[in-house]
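Engineer: Dropping a prediction and its sequence here:
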Amino acid sequence: MRIILSSITVLGLVAATPLVAQSVGMRVVDTAGAPVGTVTAIQGENLQIKTDKHDALLPKASFSVSDGKLLFGMTQGQLDSVIEKSQAAASASIAQGATVKGLGGTPVGTIAAIADGKVTIDLQSGKKIAVAQEGLRGNADGSVTIGSSAAQLEALVSGAPATKTEK
């Protein structure tokens with residue numbers, strides 16, 4: 001699940017109004033009143049919405065309250081399509097030669113190879129590390145992210161404890 005922001009904004013959502021009341025289980029409908037999904041979680045300024053196919057984390061500002069339901073500016077099919085396009089772009093970005101960024105967006109290396117669910121990353125120090133492909137997140141903008149800092153990855157390769165964490 002990813003936060004879907006830019007693609008949805010381009011399609012023109014309902015004018016944002018403050019959400020007076022939102023809760024888990026609340027129904028989400030499109031402007032014609034057709035079901036889009038259900039709120040499954042509230043995470044800060046985002047709502048997790050479950051459609052017929054996907055879960056998406058969307059900004060609260062994308063919704064308005066109407067008759068006890070959340071009004072959303074896309075149909076369920078349109079939202080599912082945007083999510084699928086975003087997932088495809090993210091998956092395609094995990095490719096040989098892609099730059100891998102660590103915590104804080106700092107580059108940590110480049111993808112050298114992908115095989116059997118493992119991704120080999122050439123670290124900036126010249127060392128290599130293999131990680132499970134699930135440990136990487138491809139992003140719709142073509143970038144690739146790992147949830148570790150350069151120092152943490154270097155420590156893993158050298159077998160020493162990490163002494164510095166990037167933020």
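Structural biologist: Cool, the structure landed.

Engineer: measure Lys127 to Ala155 for me?
Structural biologist: 11 Å (CB to CB, to the nearest Å). (Glycine included, C-beta is placed from N, CA and C.)

Engineer: Would you map the strands across this protein?
Structural biologist: Using DSSP state E, the strands of the chain run over 27-29, 35-43, 46-50, 55-59, 63-66, 69-72, 99-101, 107-115, 118-123, 128-132, 136-138, 144-146.

Engineer: out of these, nearest to Glu84?
Structural biologist: Closest to Glu84 of these, according to CB to CB: strand 55-59, at 10.8 Å.

Engineer: for the closest one, the distance to its chain's centre please.
Structural biologist: Put simply, strand 55-59 sits 9 Å off its chain's centre (CA atoms, centre = their mean, to the nearest Å).

Engineer: buried sites along it?
Structural biologist: 56-59 (16 or more other CB atoms under 10 Å).

Engineer: same check, this time on stretch 30-41
Structural biologist: Buried residues in stretch 30-41 (16+ other CB under 10 Å): 30, 36-37, 39.

Engineer: about what we covered before: possible to save the buried residues of strand 55-59 as JSON lines with distance to Gln78 and pLDDT?
Structural biologist: Shown next, in JSON lines, are the buried residues of strand 55-59 (distance: CB to CB, whole Å; pLDDT from 0 to 100):
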{"residue": "Ala56", "distance to Gln78": "12", "pLDDT": "93"}
{"residue": "Leu57", "distance to Gln78": "17", "pLDDT": "93"}
{"residue": "Leu58", "distance to Gln78": "13", "pLDDT": "95"}
{"residue": "Pro59", "distance to Gln78": "17", "pLDDT": "95"}
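
Engineer: ok, so of the residues you listed, who is nearest Pro107?
Structural biologist: Nearest to Pro107 among these is Leu57, at 25.6 Å by CB to CB.

Engineer: just to revisit the earlier point, mind putting the strands of the chain in a markdown table, distance to Ala92 included?
Structural biologist: Shown next, in a markdown table, are the strands of the chain (distance: least, CB to CB, whole Å):
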| stretch | distance to Ala92 |
| --- | --- |
| strand 27-29 | 29 |
| strand 35-43 | 26 |
| strand 46-50 | 24 |
| strand 55-59 | 19 |
| strand 63-66 | 30 |
| strand 69-72 | 27 |
| strand 99-101 | 15 |
| strand 107-115 | 12 |
| strand 118-123 | 14 |
| strand 128-132 | 18 |
| strand 136-138 | 7 |
| strand 144-146 | 11 |
